[in-house]
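# what would the 3D arrangement of this be:
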Amino acid sequence: MTEVVVALDVGGTAMKCGLVTESGELRHAERHPTNAAAGGAAVVSAILDVAAGLADKARAEGLTPVAAGVTVPGVVDEAHGVAVWAANVGFRDVPLRDLVADRLGLPAALGHDVRAGGVAEARLGAGAGRRHVLFVAIGTGIAAAHVVDGRAFAGAHGSAGEVGHVVVRPGGPECGCGARGCLESVASASALARRYASLAGAPLSAAEVAAAALAGDAVAAQAWNEAVEALADGLTIAQTLFDPEVVVVGGGLAEAGAQLLAPLANGVRARLTFQREPALVRAALGDAAGCLGAGLLGRDAMEAA
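So this is what the prediction gives:
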């Protein structure tokens, strides 16, 4: 029988879920609303129900569920399997790993969504074959995962990789963390949209700003270039700290492809002195990365049990 891991990538609005084989194939995929507005307890209940449903689905299709992996945003204590804090899903000190393991009767792992996505990209995606990978997700916020030999490092307190909160524009816009001029506050997709609105007096999404800049809109080009320059500053700091072979860029802003990656690579190259230049590539797994990463973490937990 084919063994599979029950995998759930829990976001603020939706859960991307599936059954992941040992080779990293997504054999079955589902999406479910997170229903975060109902509160953390309701989200936990939904996670457990979806996980149980996936395990039943596997058995019905002749597959053998052998473990479970769940990824969540926020601060995660991976060693103890606790979702410490996640404002957008209402978690506070939730022992989610043990709750899932008890419900399914299977070994389980709990991970951080970006770190799990980084693991998936390093093992299966754009970083495959490289020992030292830095995965940077640029979306509503900005976060990174430092992956070495296929394993991501969470840090002493579960918050490693928060490059979005490196200050690149001192005294700049206020960030959600309370500081000013964080990379996330000036170069995330949401920051790009805010900057364009402040310059043009009209709203556009980040994708629309990128398209307008490509079409020659001067205001959009200014907002876009400012974001790229800030990202180049942030990635230069990250390269200095982590020295990866490859930087894999994912998240919504990476959908711009060469429009982002070409000037970003040039910007990083121009800032480097003694540091070695990393390869800068677009993520390959899209929004399946978190679910695949959850599957890999579940498999690791089973093998370690």
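
# hey, where'd the strands end up in the stretch 51-200 of the chain?
Applying DSSP state E, counting those that start in this stretch to the stretch 51-200 of the chain gives strands spanning 63-72, 75-77, 82-86, 91-94, 108-112, 132-138, 142-148, 151-152.

# and the third one, average pLDDT?
The predicted model assigns strand 82-86 a mean pLDDT of 90.

# and it with strand 63-72, angle?
If you take axes from the mean of the first three to the mean of the last three C-alpha atoms, to 10 degrees, strand 82-86 sits at 40 degrees to strand 63-72.

# the fifth one now?
When the same axes, to 10 degrees is applied, the directions of strand 108-112 and strand 63-72 differ by 30 degrees.

# strand 108-112 - contacts with which helices or strands?
strand 63-72, strand 75-77, helix 96-104, helix 289-304 (3 or more C-beta pairs under 8 Å, 6 or more residues apart in numbering; DSSP states H and E). All C-beta atoms are positioned from the backbone trio N, CA, C, and that covers glycine.

# what strands flank the shortest one, and is each parallel or antiparallel?
In this case it means strand 75-77. According to DSSP bridges, strand 75-77 forms sheet pairs with strand 82-86 (antiparallel).

# can you give me the neighbour number for Ala215?
Neighbours of Ala215 under the rule other C-beta atoms under 10 Å: 9.

# need the pLDDT of it.
Confidence score, pLDDT, at Ala215: 97.

# tell me the bridge partners for Ala143.
Ala137.

# in this structure it contacts Glu162, no?
Yes: Ala143 lies in contact with Glu162 (C-beta atoms under 8 Å); the separation is 6.0 Å.

# who's more crowded, those two?
Neighbour tally, Ala143 and Glu162, criterion other C-beta under 10 Å: the higher count belongs to Ala143, 26 against 18.

# contacts only, for that one.
Val114, Val136, Ala137, Gly161, Glu162, Val163, Gly164 (C-beta atoms under 8 Å, 6 or more residues apart in numbering).

# again, but for Leu104
Applying C-beta under 8 Å, 6+ apart, the residues near Leu104 are Val6, Ala51, Ala52, Ala55, Pro65, Ala68.

# got the domain ranges for this protein?
2-118+287-304, 128-283 (automatic domain parsing).

# good, wrapping up.
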